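Asks: from the sequence below, what's the structure:
(2 chains)
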Amino acid sequence: MDNKRKYVIPGDVITTGPFRPEQNVILEGEKIISTSIGISEIYDDSVRVIPLTGKYIPKINDLVIGKVISHTSLSWELDINSCYVGFLPAQDVFGRDFSAHADELSSKLKTGDLVAARIANFDRTRDPLVTISDRDLGAIDSGDLIKISPSKVPRLIGKRGSMIQMIEMATNAAVTIGQNGWVVVSCETPEGLLKAKKAIEMINAKAHVANLTDQVKEMLEIKDNES
Amino acid sequence: MGGRDATMVLLDENGIRCDGRKVDETRRIMIRAGGLKNADGSAYIEFGDNKILVGIFGPRDVHPKHMSNTDTGILRVRYHMEPFSVGERKNPAPSRREIEISKVIKEALEPAVMLEKFPRTAVDVFIEVLQADGGTRCAALTAASVALADAGIPMKDMVAAVAAGKVADTIILDVNNEEDQAGQADMPIGYMPSLDKITLLQLDGVLTPEEYKKCVDVGVKGCKVVYELQKKALKDKYFGNGED
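Replies: This next block holds a predicted model:
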């Protein structure tokens, strides 16, 4: 079977036959139909579509970047660029001995703060539960926030992180990518910061182009020669 | 609305209609996906002299909260005609007709969208008719499907829609305003070509059972034409420069 990648839109019949429908496809009788705009991939026994549009849907263990919207006396609410708000319980930050009257939540995280968090739990019935008690998680105190389409995050990371490593090497910037399409870039030099931002925006705009890695490389190198 | 021409011939002896079309020909159709920056998805359609803009928001939080459904997302549709969309100024307040069309379009889109993936959320569809010339509900439904796909809402298939009708005892495709006013029947059809399912079927007028069957056949054929244009609009936006 040819593993040819194909551009599909909702309603397109990708293939017929005994395949297992995976992400963004449905089985309708014999036909396997795409439900999203994206790129279809046919494997030995399964078919999937990598979407090019759409909102971020939380998945357990995803690293996301959230913005604190508000808090109650027991928890924070984070905007995670999804149709659901992230729920961050106070125990996660203060520990087991958290007490609602003794501890003030705004002393740790204020409205508007950016947070690197992990989706701890999510199902259809509840809002996603996020945690920041892990290495590399927690409030983000410096850097620039860039918003890209969540469906283009895999492209920004590249195969085994190749794309993002290239950008980090070329610009000396530290890039934190949230699966929800929010990216924080921090860099010691303003030039590196600008260059990294430009590269990320370029990937966002041209995610469907095939030899994107080369194009980004070219852009980063041209800039190097100029400066 | 506009003086009706009493001498107008709806169908001449050569089978040419009042606007120069053949009986099984649609008007000029132009669909563009995207265009609105602030909406999650959008589309613009020119269907003959109809000009319609559609914006999609969502999936997003439901307000008021009591409307939300814990099992599935909900679809909300607002069809609205601009005051300047017709010959004489239309009151911008939602009329009985607009409320009906909103409901009809909502129910025509529901079989296509897979909102069960987003429980407790709403998808809002805003349809603005900038210029109307008969068959706006079909054009609006067509554009709304493209906009929903643009917004990345999972869909089993896109809904293509076009009206069929009866004018001068002949079954015709894509009824325009004059034919709608003076004709004998008007049948808007919404159709999902890949699934071969009809999601919208209304009929205003009287048809014999044979004429009815023919009307549906003609309409479904027309929908397939519209469907190709919908696909083209999306492909142009997303895979435009043809690079793989």
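
Asks: is the residue in chain B that chain A sits nearest to part of a helix or strand, or is it coil?
Replies: Of all residues in chain B, residue B:152 sits closest to chain A, at 2.7 Å by Cβ to the nearest Cβ. All C-beta spots, glycine's among them, are computed from the backbone N, C-alpha and C. Following DSSP: H, G, I helix; E, B strand; the rest coil, the label given to residue B:152 is coil.

Asks: so which bits of chain A are right by chain B?
Replies: A:5, A:7, A:9-13, A:24, A:26, A:28, A:31, A:33, A:35-37, A:51-55, A:57, A:83-85, A:124-125, A:151, A:208-210 (Cβ under 8 Å from any Cβ of the partner chain).

Asks: what's the spacing between the residue nearest the centre of chain A and residue B:190?
Replies: With distances taken as Cα atoms, centre = their mean, the residue of chain A nearest its centroid is residue A:179 (1.7 Å). Note on residue A:179: its distance to residue B:190, by Cβ to Cβ, to the nearest Å, is 36 Å.

Asks: out of the residues of chain A next to chain B, which sit inside helices?
Replies: The members of the residues of chain A next to chain B all map outside helices under DSSP state H.

Asks: list buried residues within those residues.
Replies: Using 16 or more other Cβ atoms under 10 Å in any protein chain shown as the burial test, the residues of chain A next to chain B include A:7, A:9-12, A:24, A:26, A:31, A:33, A:35-37, A:51-55, A:57, A:83-85, A:151, A:208-209 as buried.

Asks: among the residues you listed, name the ones in strands.
Replies: Mapping those onto strands (DSSP state E) picks out A:7, A:26, A:31, A:33, A:51, A:85.

Asks: next up, the contacts around the second one.
Replies: Going back to what we said before, that points to residue A:26. A:32-33, A:35, B:114, B:156 (Cβ atoms under 8 Å, 6 or more residues apart in numbering or on different chains).

Asks: out of the residues you listed, what pair is the most spread apart?
Replies: Distances among the contacts of residue A:26 were taken as Cβ to Cβ; the most separated pair is A:32 and B:114, at 15.0 Å.

Asks: these two - which one has more neighbours?
Replies: The neighbour comparison of residue A:32 against residue B:114 (other Cβ atoms under 10 Å in any protein chain shown) goes to residue A:32, with 26 against 18.

Asks: could I get the pLDDT score of the more buried one?
Replies: On the pLDDT scale, residue A:32 is placed at 92.

Asks: close enough to count as contact, it and residue A:21?
Replies: Yes: the pair residue A:32 / residue A:21 is scored as a contact, 5.8 Å apart, by Cβ atoms under 8 Å.

Asks: residues shared between the contacts of these two?
Replies: Joint contacts of residue A:32 and residue A:21 (Cβ under 8 Å, 6+ apart) are residue A:47.

Asks: re the thing from before, which non-adjacent residue is nearest the residue of chain B closest to chain A?
Replies: Nearest residue to residue B:152, sequence neighbours excluded (Cβ to Cβ, 6 or more residues apart in numbering or on different chains): residue A:54, at 2.7 Å.

Asks: tell me if I am right that residue A:194 is in a strand.
Replies: No: secondary structure of residue A:194 (three-state DSSP): helix, not part of a strand.

Asks: tell me who's in contact with the residue of chain B closest to chain A.
Replies: A:36-37, A:51-55, A:151, B:40-41.

Asks: repeat for residue B:195
Replies: Applying Cβ under 8 Å, 6+ apart, the residues near residue B:195 are A:11, A:28, A:33, B:156-157.

Asks: widest-spaced pair of the residues you listed?
Replies: A:11 and A:28, at 10.1 Å, using Cβ to Cβ across the contacts of residue B:195.
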